[in-house]
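**Q** Sharing a sequence plus its predicted fold:
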Amino acid sequence: MLDLAAHKTIKRKVSGYFSFRFLQMTASELPIDKLPLAIYYEHPDWFRPLFAELERRGIPFEKIDARAHFFRPEDMQPRYSLFFNRMSPSAYLRQGTQHGIFYTQALLAQMEYAGIPVINGTRAFTIETSKALQLSMLESLGLPYPRARVINHAGQAVEAARDLRFPVVVKANIGGSGAGIVRYDSSDALEREANAGNIDLGIDATALVQEFIPARGGHITRVETLGGKYLYAIKVFSSGDEFNLCPADACQTNDGVELVRGACAVDAPKTGLRVEGYDAPPEVIEAVERIFAAAQIDVGGVEYTIDDRDGSLLYYDINALSNFVADAPRVIGFDPFARLVDYLEERMRG
């Protein structure tokens, strides 16, 4: 048997060896919770608050620009403790760069095959980038949404709208920030534009023909989630038939107080959007959490409206990218980016 002194000597040597070995490890050999967090993003301004909070806490992370990137299919070693997908479906609207929307699906699958935990992975991004799939999922969950038809040719728009109430909108399947949505007040107007070749189905040649819903109270409601659970809700008021209702672009509260828009570009135009914090009712919270469980979206938002014609509640948009409301502490009473980083830390440890 070893005496106590010999046991301690061996223990020091073994411990020293493993400490040295840990320092010599390559990134692929490190324990998963010691690897950096990856932030995969595309917009140069939307993510500044997230980066700032990560830096403030000293959390190691790597920025991955979705506009110019490559990966090796044979690289199956975990290089990150967590991969956070922050790709936007509106990326194609920003000029001068490649948008990376379709590339992202392959990259997310690569991360998942490599065993790297992904926030908003392939299932979430597939739902995010297809409004047609969103409606099919809502139907499968028994949740209400505006009546719509899905088309893959502009010549089908008039026939698809035949049993819908006008006005209707033609809505690109891949949109974001209100892009690719055009309102038509009559069947004749829709037919004229279809015959003239003026209906654009978007970058995947697929679109919805959907009833336009007059919003009761002049606002929609957006419910944000974190880890698939309710985080907060806001009402977003617009000055007219506005389709870009990004709450990070809102410039004032509903009572007219100007907001600091830290999440979007500092030179973004004043949008006329107004917001106010709101406590979503339990039945909405339950429905939204069901939506995110089905879509496997970890962080995102759902938008709904009340049809002013009959008072029905209709869910109409599912987002796997949340920039959060501008000047959040003023509007909702806390900083959601701090909560987001809490969640990221928990997932990295998990």
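**A** Cool, got the structure.
**Q** Verify the stated contact: Pro36 with Tyr80.
**A** Yes - Pro36 lies in contact with Tyr80 (C-beta atoms under 8 Å); the separation is 6.0 Å. Bear in mind the C-beta positions are built from the backbone N, C-alpha and C, glycine included.
**Q** Between these two, point out the one with more neighbours.
**A** Tyr80 (24 against 16; other C-beta atoms under 10 Å).
**Q** Excluding covalently adjacent residues, which one is nearest to the more buried one?
**A** In space, and not counting its chain neighbours, Tyr80 is closest to Ala38: 4.2 Å by C-beta to C-beta, 6 or more residues apart in numbering.
**Q** quick one: pLDDT of the one you found?
**A** Looking at Ala38, its pLDDT reads 98.
**Q** and it, bridged to which residues?
**A** Glu62, Phe83 (DSSP bridges).
**Q** got a list of what Arg162 touches?
**A** For Arg162, the contact set (C-beta atoms under 8 Å, 6 or more residues apart in numbering) comprises Ser187.
**Q** er, Gly121 actually
**A** Here Gly121 is in contact with Asn85, Leu108, Met111, Glu112, Gln296 (C-beta under 8 Å, 6+ apart).
**Q** Among those residues, which ones are in strands?
**A** Among the contacts of Gly121, the members found in strands (DSSP state E) are Asn85.
**Q** The stretch 201-350 of the chain: helices as residue ranges?
**A** 282-295, 328-332, 336-349 (DSSP state H, counting those that start in this stretch).
**Q** Redo those helices as TSV? Include distance to Arg123.
**A** Shown next, in TSV, are the helices of the stretch 201-350 of the chain (distance: least, C-beta to C-beta, whole Å):
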stretch	distance to Arg123
helix 282-295	7
helix 328-332	28
helix 336-349	17
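**Q** so which of these comes closest to Asp310?
**A** helix 282-295 (17.8 Å; C-beta to C-beta).
**Q** Could you identify which of the helices of the stretch 201-350 of the chain is most buried?
**A** helix 328-332 (a mean of 19; mean count of other C-beta atoms under 10 Å).
**Q** If you count contacts, what does it end up packed against?
**A** Packed against helix 328-332, as judged by 3 or more C-beta pairs under 8 Å, 6 or more residues apart in numbering; DSSP states H and E, are the following elements: strand 229-237, strand 274-278.
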